[in-house]
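Enquirer: sharing a sequence plus its predicted fold:
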Amino acid sequence: MEHRGERRIALAAVAGAHGVKGDVRLKLFSDSIDSLSRHEKLYVGGAQRRLLEIRESGKAAVARFEGITDRGAAEALRSALVEVDREALPPLEEGEYYHADLIGLPAVDRDSNPVGTVTAVENYGAGDLLEIEAANGKRSLIPFRGGIADLEGDRIVLDPEFLA
């Protein structure tokens, strides 16, 4: 799939400070800390930072970034995204996608009539949902599953029966 202009991909978000030495708790957007630890160059809240340490901590992860040395600095990063350059990610297999690559794709019905645009990809545990915004501004969440919403080239072909 063509890169859609997204320069960076979010791998985690800072959930808050952990301790007093600048460590932060992370909410991972992947299955393991490996997605972060393999990258030398990360962006935290838009600023490039080197990852000094990362470890698992229950359902989350705890990390230390260069230049963040106390609780106040760590707490200031709350809600900041931890991102990587799109080019630094491994190539995708057939049928795989990054959420960022789906955002902005046009959505059409089975007869190629425009339906809207993908504005977000959500996942609440039961699979990906595409948020489709119609021309009138109305938004709908559509299950990203075969027969309901299919990625075909550089567009999403969907069953309009699932639009709210």
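Expert: Sure thing, it's come through.

Enquirer: make it CA atoms for all contacts and neighbour counts henceforth
Expert: Noted.

Enquirer: Gly16 sits in which helix or strand?
Expert: Using DSSP states H and E, Gly16 falls within strand 8-18.

Enquirer: pairing partners for that strand, with directions?
Expert: Strand 8-18 has its sheet partners listed here by DSSP bridges as strand 23-28 (antiparallel), strand 81-85 (antiparallel).

Enquirer: hmm, who's touching that strand?
Expert: By CA atoms under 8 Å, 6 or more residues apart in numbering, the residues outside strand 8-18 that reach it are 23-30, 35-36, 62, 71, 74-75, 77-86, 100.

Enquirer: do stretch 71-81 as well
Expert: Residues outside stretch 71-81 that contact it (CA under 8 Å, 6+ apart) are 10-24, 43-46, 68.

Enquirer: for PyMOL, what selects the buried ones among those residues?
Expert: The buried residues among these can be selected in PyMOL (16 or more other CA atoms under 10 Å) with this line:
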select buried, resi 10+11+12+13+14+15+16+17+18+22+23+24+43+44+45+68
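
Enquirer: domain parsing for the protein?
Expert: 8-87, 99-162 (automatic domain parsing).

Enquirer: what about the residue of the chain positioned farthest from its centre, distance to Leu158?
Expert: Note on the chain: the largest C-alpha distance from the chain mean falls to Asp111, namely 30.2 Å (CA atoms, centre = their mean). Separation of Asp111 from Leu158 (CA to CA, to the nearest Å) stands at 10 Å.

Enquirer: can you show me the strands along this structure?
Expert: With strands called from DSSP state E, the chain shows them at 8-18, 23-28, 42-44, 47-49, 51-57, 60-65, 81-85, 106-108, 114-123, 128-133, 139-143, 149-152, 155-158.

Enquirer: thinking again about what came up before, between the domains of the chain, which one is nearest to Glu93?
Expert: With CA to CA as the criterion, Glu93 lies closest to domain 99-162 of these, at 14.0 Å.

Enquirer: need the distance between the two termini of the closest one.
Expert: 20 Å.

Enquirer: do the same with stretch 135-142
Expert: Using CA to CA, the two ends of stretch 135-142 sit 16 Å apart.

Enquirer: which residues sit against it?
Expert: 115-116, 129-133, 148-149, 162-164.

Enquirer: lowest pLDDT pick from those?
Expert: Within the contacts of stretch 135-142, pLDDT reaches its minimum at Ala164, with 63.

Enquirer: contacts only, for Val82.
Expert: By CA under 8 Å, 6+ apart, the neighbours of Val82 are 10-14, 42-45.
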